[in-house]
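Student: Need a 3D model of the sequence below.
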Amino acid sequence: MSQQSCESCGMPIDSGQYCQYCTDDAGNLQDFDTRFAAMTSWQQRSDPGASAEKVAADTLAYLATMPAWRDHPRVSGAGSTSW
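Tutor: As a prediction, the model looks like this:
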């Protein structure tokens, strides 16, 4: 059985588009702000010495590689967005 990756965060999953962490109770993809907050929080815990600006920039760069987010205005326009 081949594993897929969540189109939102890249986590390995067995089926579907999104993992359990990226979906709401109905199985729909969470909104961008919810996912961005969760992913920056995870990144901050992984690299506690990083500044909030670096964590946000790194998270946006990663999200730009994910099918669910690469065309989102907050990701594609990240160069001019202030967090």
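Student: In three-state terms, how would Q20 be classified?
Tutor: Assigned with DSSP: H, G, I helix; E, B strand; the rest coil, Q20 falls in the coil class.
Student: buried stuff in stretch 44-57?
Tutor: Of the residues in stretch 44-57, those buried under the neighbour-count criterion (16 or more other CB atoms under 10 Å) are Q44, V55, A56. Placement of C-beta: from N, CA and C, glycine included.
Student: how long is it end to end?
Tutor: Counting by CA to CA, to the nearest Å, you get 12 Å between the two ends of stretch 44-57.
Student: related to what we said a few turns ago, just the closest of the buried residues of stretch 44-57 to D33, please.
Tutor: Each of the buried residues of stretch 44-57 was checked against D33 using CB to CB; the closest is A56, at 12.4 Å.
Student: For the helix or strand that contains that closest one, what is the distance to the chain centroid?
Tutor: A56 is located in helix 52-63, with elements delineated by DSSP states H and E. Averaging C-alpha positions (CA atoms, centre = their mean, to the nearest Å) puts helix 52-63 10 Å from its chain's average.
Student: who touches the helix or strand encompassing S41?
Tutor: Secondary structure from DSSP H and E places S41 in helix 32-46. By CB atoms under 8 Å, 6 or more residues apart in numbering, the list of residues contacting helix 32-46 from outside reads 8-9, 21-22, 29-30, 50, 52, 55-56, 58-59, 62-63, 69, 72, 74.
Student: about what we covered before: any idea of the mean pLDDT for the helix holding A56?
Tutor: The average pLDDT for helix 52-63 rounds to 95.
Student: Next SSE downstream of it?
Tutor: With DSSP H and E setting the assignment, the helix or strand that follows helix 52-63 is helix 73-76.
Student: Against which helices or strands is that following helix packed?
Tutor: helix 52-63 (3 or more CB pairs under 8 Å, 6 or more residues apart in numbering; DSSP states H and E).
Student: now the angle between helix 52-63 and the helix holding S41, please.
Tutor: Calculated by axes from the mean of the first three to the mean of the last three CA atoms, to 10 degrees, helix 32-46 forms an angle of 120 degrees with helix 52-63.
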